[in-house]
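1. how would this look folded up:
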Amino acid sequence: MNLSRRSLLKAMGLGAAALLSPQILRAAALPHVVVVGGGFAGATAAKYLKMWGGLGVEVTLIEPNTTYVSPILSNLVLNHQKTTDDLTFNYVIHSTQYAVNMVHDLVSSIDSVNQTIALQGGSSIAYDRLILAPGIDFIDIPGLDSTKIPHAWKAGEQTNLLKAQIDAMTDGDHFVMTIPAAPYRCPPGPYERACVVADYLKNTKGYVNCQVTVLDANANITVETAMFQAQFNGYGIRYRPNSVVQSVDSDARSVTFSENGEAAQTLTADTLNVIPNQKAGQIIFDAGLNSGNWAPINPLSYESTLKSNIHIIGDSQATGQPKAGHIGNSEAKVCADAVLRSLQNLAPDPAPKTNSACYSPVSSTQASWLTAVYEYNSTTKLMQLVPNAGYPAAEVPSSGNYRDMFNWSGNLFADTFA
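-> Below you'll find the predicted structure:
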């Protein structure tokens with residue numbers, strides 16, 4: 001069934017005025033949708049559930065922090081073009097404009113049978129539908145202490161720690177970073193970071209003797225391969241694929257790794273940036289919603305294939321779509337629409353599409369651009385890449401892309417948090 005948004009509101013007993021008129025009385029018992037996680041996926045889902053569901057649905061967003069620091073553009077903190085304050089957002093508009101109930105607490109457990117959530121603060125919340133957007137978690141590396149050796153893959157304090165360590169470098173120092181095995185959050189992000197750091201050391205700080213080394217667990221650059229390889233060549237970045245991290249000495253700032261399956265070797269750095277392998281957020285494992293490291297879902301609604309009435313969006317889902325902020329925002333809208341339909345016993349959209357775009361700065365003045373569209377394949381029941389979706393899949397670095405990057409990110413930030 002393919003319903004328009006107006007038809008959906010009508011089916012729910014709501015007209016357009018329901019989104020605008022606070023005088024309309026609520027039903028005695030509204031369906032309650034709880035969203036856990038306030039990043040790009042979760043914050044978007046909560047907002048759009050209220051935008052489209054109006055007074056016909058109660059929405060609660062559970063997020064332990066009162067602010068969110070965007071990983072998008074966070075590599076520009078490392079070269080002083082942005083600050084983490086520039087990338088920090090709150091949930092005031094969610095609460096005041098969209099009437100989302102904000103709960104700043106941690107979830108301690110999920111009872112999927114009785115459809116309740118227990119919070120660490122001691123309270124319990126019942127739900128009719130639950131949307132989980134916990135992002136990523138890290139797979140432990142022996143010896144890694146991220147308070148000393150930052151990953152900076154969750155933006156905020158970690159970003160500022162890595163920035164301070166880069167700022168303390170002197171000419172001739174060695175910057176070493178590791179790239180996790182795919183899948184991981186933001187496929188171009190690590191390669192982008194290597195370029196931004198190399199450009200900053202060479203062209204901003206004027207250090208001609210610094211070395212940047214990239215240890216990649218993957219067999220090759222995972223995205224925009226030719227473009228990033230050309231940038232690496234231009235900066236003199238040493239790129240070492242098939243380099244699997246085995247352990248870290250956080251005090252000595254050294255990393256032990258095996259390259260191409262050969263004997264382990266150790267590399268010491270003046271600044272060491274270790275990005276561990278990744279998995280779904282811990283709540284997915286605690287609730288028994290994982291298969292391997294990620295959560296299997298039905299792409300029509302993002303409902304878990306393991307437990308009913310629980311939906312998983314963003315980085316934790318296992319559809320094969322990229323794990324990134326823009327795609328999480330897109331998945332959230334598909335999920336919100338499907339949840340609102342399900343509350344009225346309506347079928348989800350049978351042919352959802354999502355899109356992902358990403359600008360990657362490779363210097364202080366240039367950025368590349370990459371985009372992709374995914375559509376549901378009813379035969380395979382998977383989200384599949386649409387070839388030749390009507391515009392170029394990628395563009396080489398340019399100053400025009402660099403300027404457009406801020407329009408793209410600004411629109412995404414507003415669509416999620418404003």
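2. Could you count how many residues lie near residue 220?
-> Here the count is done by other C-beta atoms under 10 Å, and residue 220 has 11 residues near it. For glycine as for every other residue, the C-beta is placed from the backbone atoms N, C-alpha and C.
3. Check it and give its pLDDT.
-> pLDDT for residue 220: 98.
4. Looks like it contacts residue 240 (just checking).
-> No - if you go by C-beta atoms under 8 Å, residue 220 and residue 240 don't touch, sitting 11.4 Å apart.
5. isn't there a strand covering residue 338?
-> No - when DSSP: H, G, I helix; E, B strand; the rest coil is applied, residue 338 is found to be helix, with no strand at that position.
6. List the contacts of it.
-> 300, 301, 302, 303, 311, 348, 349, 352 (C-beta atoms under 8 Å, 6 or more residues apart in numbering).
7. With residue 39 instead?
-> In this structure, residue 39 makes contact with 68, 133, 135, 314, 325, 328, judged by C-beta under 8 Å, 6+ apart.
8. Need the pLDDT of it.
-> Residue 39 is assigned a predicted lDDT (pLDDT) of 98.
9. For stretch 121-138, buried residues please.
-> Of the residues in stretch 121-138, those scored as buried under the neighbour-count criterion (16 or more other C-beta atoms under 10 Å) are 125, 127-138.
10. and that stretch, C-alpha only, in PDB?
-> What follows is stretch 121-138, C-alpha atoms only, in PDB (Å, rounded to 0.1, in the frame of the first residue of the first chain):
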ATOM      1  CA  GLY A 121      17.600   6.300  37.400                       C
ATOM      2  CA  GLY A 122      15.100   3.800  38.600                       C
ATOM      3  CA  SER A 123      12.000   4.600  36.500                       C
ATOM      4  CA  SER A 124      10.300   2.400  33.900                       C
ATOM      5  CA  ILE A 125       8.700   3.500  30.600                       C
ATOM      6  CA  ALA A 126       6.200   1.500  28.600                       C
ATOM      7  CA  TYR A 127       6.200   1.500  24.800                       C
ATOM      8  CA  ASP A 128       4.000   0.500  21.900                       C
ATOM      9  CA  ARG A 129       6.900   0.700  19.500                       C
ATOM     10  CA  LEU A 130      10.600   1.100  20.400                       C
ATOM     11  CA  ILE A 131      13.200   2.600  18.100                       C
ATOM     12  CA  LEU A 132      16.800   2.000  19.000                       C
ATOM     13  CA  ALA A 133      19.600   4.200  17.600                       C
ATOM     14  CA  PRO A 134      22.600   3.600  19.800                       C
ATOM     15  CA  GLY A 135      25.300   4.100  17.200                       C
ATOM     16  CA  ILE A 136      28.500   2.100  17.300                       C
ATOM     17  CA  ASP A 137      30.600   0.600  20.100                       C
ATOM     18  CA  PHE A 138      34.200  -0.500  19.900                       C
END
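11. Any stretches of the chain with poor pLDDT?
-> Per-residue confidence for the chain (pLDDT under 70) gives these ranges: 1-28, 389-393.
12. what's next to stretch 179-188, contact-wise?
-> Around stretch 179-188, the neighbours that count as contacts under C-beta under 8 Å, 6+ apart are 71, 135-136, 153, 190-191, 214-218, 222-224, 228, 244, 275-278, 294, 315, 322-325, 358, 360, 368, 370.
13. which ones are touching the closest residue in space to residue 270 that isn't next to it in sequence?
-> Nearest-residue entry for residue 270: residue 173, 3.8 Å, with adjacent residues in sequence omitted and distances by C-beta to C-beta, 6 or more residues apart in numbering. With contact taken as C-beta under 8 Å, 6+ apart, residue 173 is in contact with 207, 210, 211, 270, 271.
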